[in-house]
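**Q** my questions are about this predicted structure, shown below with the sequence.
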Amino acid sequence: MTASAPPPNQLLQLLDPPAFDLLRPHLATVEMVRKSVLGEAGAALKHVYFPHAGSVSITVGLSGGQMIEIAMLGRDSVVGGGAALTDGIALSDAAVLFPGTASVLEIVAFRSVAAASASFRELIIRQEQSLLAHAQQSLLCNTLHPVEARLARWLLRARELSHGEILPLTQEALAQMIGVRRNAISLVAHDLQRAGIIHYSRGHIEILDLQALQATSCECHATVKLYHLRLLGTVP
């Protein structure tokens, strides 16, 4: 990070200079290691993360071990910001899905900057609104749309955050993310591979035809993305 430029996180780059100057001394860059836990539902948060690259899966689960993803966050988001502004207790689990880097600061420092900067608070609140919209759209999608469209939607978001066409994913992980049985993912992945849209090998999915994947997806990916951009004021 240079003295003049914020790190490659969209929220940090949208901050006005006075707000970022308050935040800068508290930021450190860390590696986000795959499967590392950034927050646990019901537990107190110690840090807030602004991802630069990679992705963080936000999930909710039941006592029996079943879980489902409600959002995937990356360089356009913050992890733990909403909880940090309130009681500091995480409402959901957050774990690194694709590795990358992030700017991190302690929750005490985050609150100090939020108390001193109205523009910083407003940006975090807008991001939390976007996260709520993301979760609501995921609920709608998982309830009403076929598995093929849901898988395509999920892969589009994963590609967006991973900066690549090859995604390190198992069928079991995919099934958990979108809340279906593994055999349903196997059938749909086979159909998409046969259509030349993806190539699936053990533990990896390669996107071969982005336009066809977009056509296969439901409207939910585009809806969430547009709402996020509007909330952050980056589109009319």
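**A** Alright, I've got the coordinates. Residues are numbered from 1 along each chain as shown.
**Q** just the mean pLDDT for the lengthiest helix in the chain, thanks.
**A** Taking DSSP state H as the criterion, the chain has its longest helix at helix 118-144. Average pLDDT, helix 118-144: 93.
**Q** just stretch 7-14 next, same as before
**A** Taken as a whole, stretch 7-14 has an average pLDDT of 94.
**Q** centre of the chain to it, how far?
**A** 15 Å (C-alpha atoms, centre = their mean, to the nearest Å).
**Q** next, the buried residues of the following helix or strand past the longest helix of the chain.
**A** Using DSSP states H and E, the helix or strand that follows helix 118-144 in sequence is helix 147-162. For helix 147-162, a neighbour-count test (16 or more other C-beta atoms under 10 Å) marks 147-159, 161-162 as buried. Every residue, glycine included, has its C-beta placed from N, CA and C.
**Q** domains for this structure, by residue range?
**A** Here the domain assignment for the chain is 10-120, 142-226, based on automatic domain parsing.
**Q** between these, which one is closest to R126.
**A** domain 10-120 (9.0 Å; C-beta to C-beta).
**Q** what about that closest one, start to end distance?
**A** End-to-end distance for domain 10-120: 13 Å, by C-alpha to C-alpha, to the nearest Å.
**Q** skipping its backbone neighbours, what lies nearest the residue most central in space within the chain in space?
**A** The centroid of the chain falls nearest to L73 when counting by C-alpha atoms, centre = their mean (1.3 Å). Leaving aside its chain neighbours, L73 sits nearest to V56 (4.7 Å; criterion: C-beta to C-beta, 6 or more residues apart in numbering).
**Q** what's the end-to-end length of stretch 209-222?
**A** Start and end residues of stretch 209-222 are separated by 18 Å (C-alpha to C-alpha).
**Q** circling back: quick check: angle from the longest helix of the chain to helix 147-162?
**A** Calculated by axes from the mean of the first three to the mean of the last three C-alpha atoms, to 10 degrees, helix 118-144 forms an angle of 150 degrees with helix 147-162.
**Q** in which helix or strand does A215 reside?
**A** helix 210-216.
**Q** show me which residues of that helix are buried.
**A** By neighbour count on 16+ other C-beta under 10 Å, the buried set for helix 210-216 is 212-213, 216.
**Q** now do stretch 171-181: distance to the chain's middle.
**A** Worked out by C-alpha atoms, centre = their mean, stretch 171-181 lies 16 Å from the chain centre.
**Q** wait, I meant stretch 36-51
**A** On C-alpha atoms, centre = their mean, the centre of stretch 36-51 falls 13 Å from the chain's centre.
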